[in-house]
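Enquirer: build me a model:
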Amino acid sequence: MKKNLAFGLILSAILVACPTPPVATAKITVSPKTQTLQAGASAVAFSATLENSTATINWTLEPATGSGSLSATTGSSVNYTPPSTVANSLNVTVKATAGSISDSATVTINKPTALTSVSGTVQNWAATGNSVGTVKILAGFGNFISTDQIGVDGTINQAGLFDIALAVPTSNLLRVWNTPSDVCQTETPANVTITNPIQLTWGALSARFGSQQAGIFWGNNSNISNVTKQVILMYSTATTAVSGTCGSIGIFSLNLIAGWNYLIQESNAQTITYRTGTLPTDVNWYSVPPTSAGAMN
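Expert: Below you'll find the predicted structure:
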């Protein structure tokens, strides 16, 4: 009896000294945790890291309607596209769930605001023989640039740094977009939808220094003839959406606000796409050589 009691005491001591190891806690982490976007912007990526679990990761949006869209509902990563328009600033929750655990990110969607000025640095400005001068915005449409100035002159320095305020164009410089043929002009068929008729114009930048002048553009190639991606200034008299196609060439996906907008033109051998939203990262400001500036004065 004493022997059995001693054995029991020894076994109890062993069990106390070697407790059962704890079970690892499952955890899920969404990254990034916050984003701030404008309505109509391009998609942004989110990822979820899952630890100590093999459960499927599911993605959802809150609120469920009017908050944009996800590229997938399951997986370790997803692309989120914000809504094209919002009445007011909106907070959207991008949530990842795996079994009973979850984590989320918050995306703030803001209403786009009209541009009030434009500035930048023209690449190799001094190296191409250009100098200190003034910058102006000329009205135009499509490939046509007029000699009509919008607003007052801005400035450009020896390093190519320029800044100019954006003014409201006078009515004689505006063109109406009310029907598909207004947008597509000679391209047919004109399968374009316009949610609200507008009047608009392009804005082209021109710099003058001494007796010389040079056009300025924002593109992905220093030679304007080889540009396949370009950011253009566009003025609209009202907020509207323009979507659809012009023939087999032009594709429109515009969410314009009243005032000055950035319009992105992207082209390849088959099509030209016009869109608004997130600006491309592979564009810079360049100048057209003074001898090629044409009607820009």
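Enquirer: show me what the helix or strand that contains Q265 is packed up against.
Expert: Using DSSP states H and E, Q265 falls within strand 259-267. Contacts defined by 3 or more Cβ pairs under 8 Å, 6 or more residues apart in numbering; DSSP states H and E place strand 259-267 against strand 229-236, strand 272-275. C-betas here are computed from N, CA, C, even on glycine.
Enquirer: now do the strands in the stretch 1-150 of the chain.
Expert: Using DSSP state E, counting those that start in this stretch, the strands of the stretch 1-150 of the chain run over 27-31, 34-38, 44-51, 58-62, 69-70, 77-81, 90-98, 101-110, 117-121, 133-141, 144-156.
Enquirer: out of those strands, nearest to P180?
Expert: strand 133-141 (16.5 Å; Cβ to Cβ).
Enquirer: strand partners of the closest one, parallel vs antiparallel please.
Expert: If you go by DSSP bridges, strand 133-141 pairs up with strand 144-156 (antiparallel), strand 198-209 (antiparallel).
Enquirer: what would these look like in TSV with mean neighbour count and mean pLDDT?
Expert: Formatted as TSV, those follow (neighbours: other Cβ atoms under 10 Å; pLDDT from 0 to 100):
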stretch	mean neighbour count	mean pLDDT
strand 144-156	16	90
strand 198-209	22	92
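Enquirer: mind putting those into JSON lines with distance to Q38?
Expert: JSON lines is the format used below for those (distance: least, Cβ to Cβ, whole Å):
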{"stretch": "strand 144-156", "distance to Q38": "24"}
{"stretch": "strand 198-209", "distance to Q38": "19"}
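Enquirer: out of those, which comes closest to I28?
Expert: Comparing the strands paired with strand 133-141 under Cβ to Cβ, the one sitting nearest is strand 198-209, at 45.8 Å.
Enquirer: next SSE after the closest one?
Expert: strand 212-219.
Enquirer: ok, that next one: who's next to it in the sheet?
Expert: strand 198-209 (antiparallel), strand 229-236 (antiparallel), strand 284-287 (antiparallel).
Enquirer: report all helices and strands that the helix or strand that T193 is a member of contacts.
Expert: In the assignment (DSSP H and E), T193 maps to strand 190-194. With contacts defined as 3+ Cβ pairs under 8 Å, 6+ apart, the packing partners of strand 190-194 are helix 180-184, strand 240-246.
Enquirer: I am finished for the moment; much appreciated.
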